[in-house]
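Undergrad: whatever this is, show me its structure:
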Amino acid sequence: MTLYEIYYHDQWRTNTSYGRQAIFTSLEKVEDYLFKNLDDWYDAALDAPITDLIEQVLQQHFHHVTIKTITVRDDGTVDFE
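TA: The predicted structure follows:
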């Protein structure tokens, strides 16, 4: 199972500014959430135009949002990215 954690933060991505906003089990729900809350994290003056939202967020193309993934395997091991 893969979990997707959405974090909002300042443009320098300092750990003290991170605030978890949501956690989901599907990328479709992540995309829906981000589009519904666009005004909270997207800055048209600073950020790249949105072409492939999920791919851009995973590659940290935006200044104020990051997605971290947590993968839980059947054997109980966990990876954080």
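
Undergrad: so what secondary structure elements neighbour the longest helix that the chain contains?
TA: For the chain, the helix with the greatest residue count under DSSP state H is helix 27-36. Counting contacts by 3 or more CB pairs under 8 Å, 6 or more residues apart in numbering; DSSP states H and E, helix 27-36 is packed against strand 2-8, strand 19-24, helix 53-58. No exception for glycine: its C-beta is placed from N, CA and C like everyone else's.

Undergrad: among the ones you listed, show the one with the smallest mean pLDDT.
TA: Across the helices and strands packed on helix 27-36, strand 19-24 has the smallest mean pLDDT, namely a mean of 86.

Undergrad: can you pull the buried residues of that strand?
TA: Phe24 (16 or more other CB atoms under 10 Å).

Undergrad: same thing with stretch 43-53?
TA: Result for stretch 43-53 [16+ other CB under 10 Å]: buried residues Asp47, Leu53.
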